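A.B. asks: I'd like to go over a predicted model; first the sequence, then the structure.
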Amino acid sequence: MSCPISRRALLASASALVPSARAQSLPSAAQMATDRHRPQYHFLARANWMNDPNGPVYHKGTYHMFFQWGPDHPVTPPSKRVWGHATSTDMVHWKHQPIALGIEPTGPESKGVWSGSVVIDNGVPTAVYTGGAGQHIATSDDAMLVWKRHSANPVLRSPPPGMQLSGWRDPAVWKEADGWYMLIGGGYKEKFGTALLYRSPDLRNWEYLHPLASGTIEERLRPDVTRGEDMWECPDFFPVGDKHVLIASIIGFPPNTYYTRVPYWLGTYKNRKFEVERRGETDLGWGYASRTHLDAKGRRICWSWIRERRSRDATIAAGWAGVTSLPRVLSLRPDGELGIEPASELRVLRGAHSKARRMVIRPDTKLSKDMNGDAIEIIAEFDASSTGQYGLALRCSPDGQEQYRVSYDEPSKMLVFDRSKSSLEKSAAGGSPQRRPFALAKGEGLRLQVFVDASVVEVFVNGRVCMSDRIYPSREDSLGTGLFASGGTAKLRSMDVWQMKPVSSDRLTSA
Ligand code: DQQ
């Protein structure tokens, strides 16, 4: 199916590819291309603000990534949000495309185009999303470059009658034998978040069924959480093995003011009811608004928005904000837990390789200079017999004043992510170390798979959890990689480091 392109859509797309007048006082693409905090192999917008991944989908040999983009400014507001678009054949190398869904001159979509999904409806790519207010749909052809909004938008105008909600947005859509199903994220005012289940024969007419889950499951599964918090954003729901997984991004009290966690709940889905059996986190750090899709091999791929952790002024000066995580493969592990691992496609980026084998880790172990870098992948395996606290020091300055630490504290069975010394620039570092419970099974050694990419650190631990963080070392020579240990005897079994190749010549600042 092909859609005629309107004059307005053409203008919107063209202006998206040229910095707007408003953005001209901000850094140029050439400046951003030399910005050492801007990643080399993570997907990110050409410039300005980016947040949630929207409607990632694999269709006819191409991966499409839509995303919340504020094309006019590095922070929002002032920038309104539209659907940016990029395509890839391998989930690693991306090409920016014109805006898919831009701001409308009037109506609810004049305020912004918010999050949602893309499904293929009888061969027709169809976006289902929150358009400023209410749930909207738009259709496209196989290239997904030009989208046509449905004339009856919003196809769903308001929450179920009588429900007092603190939010109602970010539809996730899937197909079952008897039709389309959709979750909309919401929150019972002053109580807890929820994900409301709807059904439709045609993606246009929706019938509300019931909440698939709500914050009360948090209270039941995690005694330390007393309420499900304010609102569940960006829900997602999908099968993994013979189980189902629900994801929500929880924004907390006071209403809608701070992002908290992105838990997943794993359980059994039967007769439109979801019986939760376990919970976990899709990201222990600064990932948010996780969205999933099936890839060419039928694997479930999860993407998250990795937020900035520097001041608003520094963000504006940089001219860009927000990064998309690496593609993460979700699976059901034999032990019943959800597995989270980086997609093997990323190996294509591996360049020069260096390795270390078997050593007792000293308090401050220097490694070969070949392992240094700010665009590297590390796989470090430690002996199961290791005791005390041990781990990796990343982006270290030669004198150790700047460094980021990832470690395991064996006595307390905690993973520790410590950015307190990651930058001498006080507003870009700090925060007490994050400590997250993580128990190794008997005989199980710690395995850290770490991706460092300029200001991004992504850590995968034993294929069971991951964590993303942001760091902004002030010194250009903060490139060292090291090992450290204290309070016990820790042994490294093996460590492999690859220098990673950039995915573009200009840090993805152009098409
Ligand atoms: N961001 C979107 C909302 C969503 C929130 C708008 C989550 O639809 O609830 O950019 O980051």
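C.D. replies: On my side now, so go ahead. Residues are numbered from 1 along each chain as shown.
A.B. asks: please see if stretch 296-314 touches the ligand.
C.D. replies: No: using CB under 6 Å from any ligand atom, stretch 296-314 stays clear of the ligand, coming no nearer than 6.6 Å. No exception for glycine: its C-beta is placed from N, CA and C like everyone else's.
A.B. asks: can you measure across that stretch, start residue to end residue?
C.D. replies: From its first residue to its last, stretch 296-314 covers 39 Å (CA to CA, to the nearest Å).
A.B. asks: in stretch 282-296, what counts as buried?
C.D. replies: For stretch 282-296, burial by neighbour count (16 or more other CB atoms under 10 Å) applies to 282-293, 295.
A.B. asks: now stretch 470-489
C.D. replies: So stretch 470-489, judged by 16+ other CB under 10 Å, has buried residues 470-473, 475, 478-485.
A.B. asks: first-to-last residue distance for it?
C.D. replies: 30 Å.
A.B. asks: and it, how far from the chain's centre?
C.D. replies: 24 Å (CA atoms, centre = their mean, to the nearest Å).
A.B. asks: one step back: pick the one among the buried residues of stretch 282-296 closest to A428.
C.D. replies: Taking CB to CB as the measure, A428 lies nearest W286 of these, at 13.5 Å.
A.B. asks: tell me the contacts of the closest one?
C.D. replies: Neighbour list for W286: I306, R307, R309, S468, D469, R470 [criterion: CB atoms under 8 Å, 6 or more residues apart in numbering].
A.B. asks: before we move on, what about M144?
C.D. replies: Contacts here follow CB under 8 Å, 6+ apart; on that basis M144 touches H59, H64, H85, T87, A100, V118, P125.
A.B. asks: for the third one, give its distance to A511.
C.D. replies: The span separating H85 from A511 equals 11 Å under the rule CB to CB, to the nearest Å.
A.B. asks: can you mark which positions in stretch 421-428 are buried?
C.D. replies: Per 16+ other CB under 10 Å, stretch 421-428 contains these buried residues: K421, S422, S423, E425, A428.
A.B. asks: now do that stretch: distance to the chain's middle.
C.D. replies: Counting by CA atoms, centre = their mean, stretch 421-428 comes out at 24 Å from the chain centroid.
A.B. asks: what segments of the stretch 251-400 of the chain are helices?
C.D. replies: 312-318 (DSSP state H, counting those that start in this stretch).
A.B. asks: need the nearest residue in space to the residue in it positioned nearest to the ligand, chain neighbours excluded.
C.D. replies: In the stretch 251-400 of the chain, the residue that lies nearest the ligand is A289 (4.3 Å; CB to the nearest ligand atom). Using CB to CB, 6 or more residues apart in numbering and skipping residues adjacent in sequence, the residue nearest A289 is D52, 3.7 Å away.
A.B. asks: check for me that the one you found belongs to a strand.
C.D. replies: Yes: assessed with DSSP: H, G, I helix; E, B strand; the rest coil, D52 lies in a strand.
A.B. asks: count the neighbours of it for me.
C.D. replies: The tally of other residues near D52 (other CB atoms under 10 Å) stands at 26.
A.B. asks: next, the contact list for it, please.
C.D. replies: Contacts of D52 (CB under 8 Å, 6+ apart): F67, Q68, S115, D170, C234, Y288, A289, R291, W305.
A.B. asks: I'd say S397 and R475 touch.
C.D. replies: Yes: contact status for S397 versus R475: in contact at 4.9 Å, counting by CB atoms under 8 Å.
A.B. asks: around the ligand, pick out the residues from the protein.
C.D. replies: So the chain meets the ligand at 51-52, 68, 81, 114-115, 130, 169-170, 233-234, 249, 288-289 (CB under 6 Å from any ligand atom).
A.B. asks: can I have the buried ones of the residues you listed as a PyMOL selection?
C.D. replies: In PyMOL, a selection of the buried entries from the residues of the chain next to the ligand looks like this (16+ other CB under 10 Å):
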select buried, resi 51+52+68+81+114+115+130+169+170+233+234+249+288+289
